[in-house]
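Visitor: 3D model of this:
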Amino acid sequence: MKKSLIIAGLAASVLLTSSMANAATTASSDTDKKPAVEKQLPKKCDKKCEKKQRPTIDERLKLTDEQKKQAHEIRMKGHEQIKPVFEKIKAKKMEIKEVAQNPKLSDEQKTKKIDALEIDILKLKQEARKIRMQNTKEFEAILTADQKAEFNKMKEEGRRMHMMKKGHGPKGPRGPQGADRPAPLK
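Guide: Predicted structure coming up:
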């Protein structure tokens, strides 16, 4: 009895979906006869989307043309400095993958090699961070006092957004400390 009800239900759903598909193709063939003006697709960005678009750093800081040129040069120089570091990181990650998949190594050997490679990656990430920090200092050097204040404000906003994305609210990772909440372990 249950099997027959299930089969009947499946058959009904198949018929329903096929009739919907037929209706969709019939409707699309009807729209083919309509003028091309009515077929235009809606714009991808409406008024809500426009509000979400943020001004660029150049726009927000109101950089002069000379400052924009200098900032571009600083970015390009930084890109050239950091590119080899990222390539080394990528190579280390590939090495980790190869070590992990190597059937000739024992688990202990794999762990030892992977740990060493991960330490190398951390050092490379620190190197990349130093390059970024140096580029930021060079960029700040071309800014006026007002622009520096606005840039610091932008950096703080970025930090807050980063912390929020990581799940850390304004009161810390787990909210405010209360009598019923133990202090976080350090």
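Visitor: which stretches of the chain aren't confidently modelled?
Guide: For the chain, applying pLDDT under 70 flags the ranges 1-53, 168-186.
Visitor: output the longest helix belonging to it.
Guide: As assigned by DSSP state H, the longest helix anywhere in the chain is helix 65-101.
Visitor: and that helix, what's buried?
Guide: The neighbour-count criterion (16 or more other Cβ atoms under 10 Å) identifies 67, 70-71, 74, 78, 81-82, 85, 88-89, 92, 95-96, 99 as the buried residues of helix 65-101. For the C-beta atoms, the positions are set from N, CA and C on the backbone; glycine is no exception.
Visitor: just give the closest residue to Q147, not the sequence neighbours.
Guide: Distances taken as Cβ to Cβ, 6 or more residues apart in numbering place L61 nearest to Q147, at 4.7 Å, with adjacent residues excluded.
Visitor: shouldn't the one you found be in contact with N152?
Guide: No: in terms of Cβ atoms under 8 Å, L61 does not count as a neighbour of N152; the distance is 11.0 Å.
Visitor: the more surrounded of these two?
Guide: Neighbours were counted for L61 and for N152 using other Cβ atoms under 10 Å; L61 has more, 21 against 12.
Visitor: now do the same contact list for that one.
Guide: 143, 147, 150-151 (Cβ atoms under 8 Å, 6 or more residues apart in numbering).
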